[in-house]
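In: quick one: sequence and predicted model below, then my questions.
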Amino acid sequence: MKNRTTTATRLYGVIAALLISLSGLLKAETLLPIADTHVHYSHDSVDLTPPERVIEIMRSANLKFALVSSSDDNGTRLLSQLAPELIVPGLRPYRRRGELGTWFKDQAALQYVERLLETNAYATIGEFHLFGRTAELPIPRRIVELADEYNLILHAHSDAEAVELLLAQNANIKVLWAHSGFEWPEEIGRMLRQHDRLWADLAFRSEVGSGGRLSEEWINLFTEFPHKMMLGTDTYTPERMYFIPENADAARIWLAELPEELAINIAWRNAYNLLMPVWQLNRQNHKVASESVAGQAGCDDKPGEEQLVINTDKLSVRLHTITTLAVSVPQTIEVMVCGEKAEKSRVILDASMPAHGHGMNYQPEHVTISRSAGQSVHRVEGIVLHMPGTWQWNIEVDEGDHKSRLTHQFDVQ
């Protein structure tokens, strides 16, 4: 009897937990959707909060989407791979948190941005910190050029002077002003009147709607600029990731004071109209370019110097590292399989450190780009070699009736 009672109690507990979870999901779906335009999932957050949990938090807040930028870019890649319909990627020029005040004089930070722009698609460059006349330094000027070249919006944590200098450098550039510059409504309004290529987020602006009520100044600003303002949380520390639902709920309270159309604009539509056309176009262009590059070389062509070739008696595998391998930098690898049954093959590429007995911390994403007679091309994204030393590529090629396993050792400094 005791065992039956214990089993029944556990069963009731499981059912109750499922009902609570379902109730939470149903409740979230009835809430006003929110676009959060200021989320970071940086290296310390990745260490403390699994990406699956982050996505769960976002969905519990009924986010329509989140603009995510991270230090380094690995966190953004992880979330984007898990929930591509939810994550709009931005590219920060930071590899670690300590670079906020040095990146604009650091050539390596610029090279980091240029390298990732070659391999991934984004909607923004930023959020970056830049103040006053530092916006005129060579590296920020190059960032503006890259934004124009790659059709990207600048997400600038800046004062008014730096924002105006950025906008003046290129007539095509749009700027999303992080935190609205921590300015008062009067100054935000002045900037928006003068610059039609400027938008502003309200991340970490708890005084907006404090106590659930909007001041007359904020109501006037929102009314004058119904298409320019948007919401954000700013998860600049790991624990603030859990603040996303609370921030969304607090915003819903003061949004209810506004006319419905204006409330929807600020909640998500302004962010959607600014970011989504850019992101969708860039993502599509990146896909087309990737497929075009993959189709340029075939198994009958001589391998390029940048390709690693591993041969067996039945097939040949060519690995093309799009960028130079470096520690803790997310990499994309193209894998071409050549052989009699290669067009049917499935590929799994992984990396390990044999001397240490461990592999990578994250599972990469595999996408088949093309198949044709005697060959197939695959793209592997999210390769992160997190420490220097001797690594080993582990390649499994499944041709249906036969599996081949290939290895190759290499050094990363």
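Out: Noted; the coordinates are in hand. Numbering: from 1, shown residues only.
In: C-alpha from now on. contacts and neighbour counts both.
Out: Will do.
In: contact partners for residue 267?
Out: When contacts are counted by CA atoms under 8 Å, 6 or more residues apart in numbering, residue 267 is found next to 32, 33, 34, 35, 230, 231, 251, 252, 255.
In: could you rerun that using 6 Å?
Out: Applying CA atoms under 6 Å, 6 or more residues apart in numbering, one finds that residue 267 lies in contact with residue 34.
In: the one 5 residues further on now?
Out: Under the criterion of CA under 6 Å, 6+ apart, residue 272 has no neighbours.
In: where do the strands sit along the stretch 151-300 of the chain?
Out: Listed in chain order, the strands of the stretch 151-300 of the chain (DSSP state E, counting those that start in this stretch) span residues 153-158, 175-177, 198-201, 229-230.
In: just those strands: most buried one?
Out: strand 229-230 (a mean of 27; mean count of other CA atoms under 10 Å).
In: any chance of the strands of the stretch 151-300 of the chain in JSON lines, with distance to residue 334 and mean pLDDT too?
Out: Output for the strands of the stretch 151-300 of the chain, formatted as JSON lines (distance: least, CA to CA, whole Å; pLDDT from 0 to 100):
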{"stretch": "strand 153-158", "distance to residue 334": "28", "mean pLDDT": "98"}
{"stretch": "strand 175-177", "distance to residue 334": "34", "mean pLDDT": "98"}
{"stretch": "strand 198-201", "distance to residue 334": "38", "mean pLDDT": "98"}
{"stretch": "strand 229-230", "distance to residue 334": "38", "mean pLDDT": "98"}
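In: figure out which of those is closest to residue 263.
Out: Shortest separation from residue 263 across the strands of the stretch 151-300 of the chain is recorded for strand 229-230, at 10.0 Å, computed as CA to CA.
In: roughly how far is that closest one from the heart of the chain?
Out: Offset of strand 229-230 from its chain centre (CA atoms, centre = their mean, to the nearest Å): 20 Å.
In: quick one: the strands of the stretch 151-300 of the chain as JSON lines, columns for distance to residue 236 too.
Out: What follows is the strands of the stretch 151-300 of the chain, written out as JSON lines (distance: least, CA to CA, whole Å):
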{"stretch": "strand 153-158", "distance to residue 236": "13"}
{"stretch": "strand 175-177", "distance to residue 236": "16"}
{"stretch": "strand 198-201", "distance to residue 236": "15"}
{"stretch": "strand 229-230", "distance to residue 236": "18"}
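In: helices of the stretch 151-300 of the chain, start to end?
Out: 160-169, 185-194, 216-224, 244-255, 260-264, 270-296 (DSSP state H, counting those that start in this stretch).
In: now for those helices, which one comes closest to residue 384?
Out: Of these, the one closest to residue 384 (CA to CA) turns out to be helix 270-296, at 20.0 Å.
In: so which elements touch the helix or strand that the closest one is followed by?
Out: Sequence-wise, the next helix or strand downstream of helix 270-296 (DSSP states H and E) is strand 307-311. Counting by 3 or more CA pairs under 6 Å, 6 or more residues apart in numbering; DSSP states H and E, the packing neighbours recorded for strand 307-311 are strand 315-321.
In: show me where pLDDT drops low in this structure?
Out: Per-residue confidence of the chain (counting by pLDDT under 70) places the weak regions at 1-29, 288-298, 304-306, 322-323.
In: try 80 this time
Out: 1-30, 287-307, 322-324, 329-330, 362, 367, 369-371 (pLDDT under 80).
In: what about stretch 95-110, start to end distance?
Out: End-to-end distance of stretch 95-110: 11 Å, with CA to CA, to the nearest Å as the criterion.
In: contacts for it next, please.
Out: Applying CA under 6 Å, 6+ apart, the external contacts of stretch 95-110 come out as 71, 72, 93, 139.
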